[in-house]
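Asks: Dropping the sequence and predicted coords here.
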Amino acid sequence: MKTLITTLALALLAASAHAHGEHAPSAPTVLKKEQKPWGIAGERRTAKRTVEIKMSDDMRFTPSRIEVRQGETLRLVMRNGGAVLHELVIGTRQELEEHAALMQKFPGMEHDEPYMAHVPPGQTGEIVWTFNRAGEFDFACLIAGHFQAGMRGKFIVRAS
């Protein structure tokens, strides 16, 4: 029942969302600071470290494993070296799997949250994120078929 409710809620969200476009934003225009299980949106000025993540059409992120100290704010810079749109979405494995399944049903669904970046071919995107919870958290490209092809990675957040 919980899964059905979650699916219905996401479907309603999808119905009201805009489609991915050629000019999809790489970061939200208004920073929403909402605590998530995997952290909270950070401020660029407080980021002490920048991590570059390469996206490719072989459906891989490089690096695909990133170690972080609890409380650390990272500036994640995604570089899309491919010929198709990619994105990076941070979340729990379960949430990413549910969202990826929804993207299969609604491939034009756009999302715009501070833990997501859409990166057109040949361009860069950015996420600034504070990992204030210890644990293992995932990131993935949720564009239809990309997640299923293995475009995933993991943040390992070590307790401080």
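Replies: Cool, got the structure. Numbers count the residues shown, from 1 in each chain.
Asks: Which helix or strand contains Gln94?
Replies: Using DSSP states H and E, Gln94 sits within helix 93-105.
Asks: packing partners for the helix or strand just after that helix?
Replies: Scanning forward in sequence from helix 93-105 by DSSP H and E, the next helix or strand is strand 116-119. Judged by 3 or more CB pairs under 8 Å, 6 or more residues apart in numbering; DSSP states H and E, the packing partners of strand 116-119 are strand 72-80, strand 86-91, strand 124-131. Glycine gets a C-beta too; all of them are placed from N, C-alpha and C.
Asks: Are there helices or strands packed against the shortest one, and which ones?
Replies: If I follow you right, that is strand 86-91. Under the contact definition 3+ CB pairs under 8 Å, 6+ apart, strand 86-91 sits against strand 49-56, strand 72-80, helix 93-105, strand 116-119, strand 124-131, strand 135-140.
Asks: Would you mind putting those into JSON lines with distance to Ile156 alongside?
Replies: Below are the helices and strands packed on strand 86-91 laid out as JSON lines (distance: least, CB to CB, whole Å):
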{"stretch": "strand 49-56", "distance to Ile156": "13"}
{"stretch": "strand 72-80", "distance to Ile156": "12"}
{"stretch": "helix 93-105", "distance to Ile156": "13"}
{"stretch": "strand 116-119", "distance to Ile156": "20"}
{"stretch": "strand 124-131", "distance to Ile156": "10"}
{"stretch": "strand 135-140", "distance to Ile156": "6"}
